[in-house]
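>>> Need coordinates for the below:
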Amino acid sequence: MPVLMITGTGTEVGKTVVTAAVAAAALAAGRTVAVLKAAQTGVLPDEPGDAAEVARLAGPVTTAELARYPEPLAPATAARRAGRAAVRPHEVAEAAAKLATEHDLVLVEGAGGLLVRFDAAGGTLADAAGLLSAPVLVVVQAGLGTLNTTELTARELRRRRLDLTGMVIGSWPAEPDLAARCNLADLPEVAGAPLLGSVPAGSGSLAPAAFRSSAPGWLGPRLDGTWDAEAFRTREAPREV
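Residues are numbered from 1 along each chain as shown. This next block holds a predicted model:
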């Protein structure tokens, strides 16, 4: 798995923190890691973007960013409004493939959800994944509404014959409600893919040293971690009535 695409079921679901956790766990396992942000929006030229935040939390990773646009919009819209060139899927694929020749693992973080448009032609992260035949990790929300967006994302990946590696809950609340607890069983069912981790809410605010030492415990073995999905579900799921 030299290249792993990381997308979400929407915006603000915890993609960057999950990307940092995956990077930190891989580094702890002795792997070299690169992080590619295909298109950064809503950040000014002199401000740190998502790739820099991953490096701050995870540690010594190689970072790359293909384009940056100032307004917090979909990349295609942000590029058009800024009068700048858009990022195309083949550019994402080429950059990831180059990084893969020099690193054990390349994490490609998308913008928003799977089908957010990068360019006027409708190119998406899913198209870049298809060019590389790269697996996709989906970051999902914990609570009410997540089943619909998760299933839609999984269906689109299957339609494109892309490998859905699994899902990670981007922000597990300290006091989960009934919907979140029930979703631990329902998410794998609707997605047809395993739950590979759960990142506690607020983890991005941890000091980097604490984040790095904790990250492997948030992710399953497939992501170089020690998190046990069944034990987590047994502990957090509601009792059946």
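>>> Could you use CA atoms for every contact and neighbour count after this?
OK.
>>> Am I right that Leu105 is in contact with Gly30?
No: with contact defined as Cα atoms under 8 Å, Leu105 does not count as touching Gly30 (10.8 Å).
>>> what about the two, which has more around it?
Leu105 (23 against 11; other Cα atoms under 10 Å).
>>> who's in contact with the host helix or strand of Thr16?
Assigned by DSSP states H and E, Thr16 falls within helix 15-28. Residues outside helix 15-28 that contact it (Cα atoms under 8 Å, 6 or more residues apart in numbering) are 6-8, 32-33, 50-51, 53-55, 57-59, 61, 105, 107, 109, 139, 168, 170, 199, 203-204, 211-212, 215-216, 218-219, 223-225.
>>> just stretch 165-173 next, same as before
Counting by Cα under 8 Å, 6+ apart, 13-15, 17-18, 135-142, 193-202, 219 sit against stretch 165-173.
>>> now the helices for the protein?
For the chain, helices defined by DSSP state H occupy the ranges 15-28, 50-58, 75-82, 89-100, 125-132, 146-159, 178-191, 208-214, 229-236.
>>> now, of those helices, which is deepest in the fold?
Ranked by mean neighbour count under mean count of other Cα atoms under 10 Å, the helices of the chain are led by helix 15-28, which reaches a mean of 27.
>>> what sits against the spatially most central residue of the chain?
In the chain, the residue lying closest to the centroid (Cα atoms, centre = their mean) is Ile6, at 3.3 Å. For Ile6, the contacting residues are 15, 19, 107-110, 136-139, by Cα under 8 Å, 6+ apart.
>>> which intervals of this structure have sub-threshold pLDDT?
1, 241 (pLDDT under 70).
>>> Now do the phi/psi pair for Pro70.
Dihedral pair for Pro70: phi -70, psi -30, per degrees, to the nearest 10.
>>> Next one: it relative to Gly83, how far apart?
As defined by Cα to Cα, to the nearest Å, Pro70 lies at a distance of 11 Å from Gly83.
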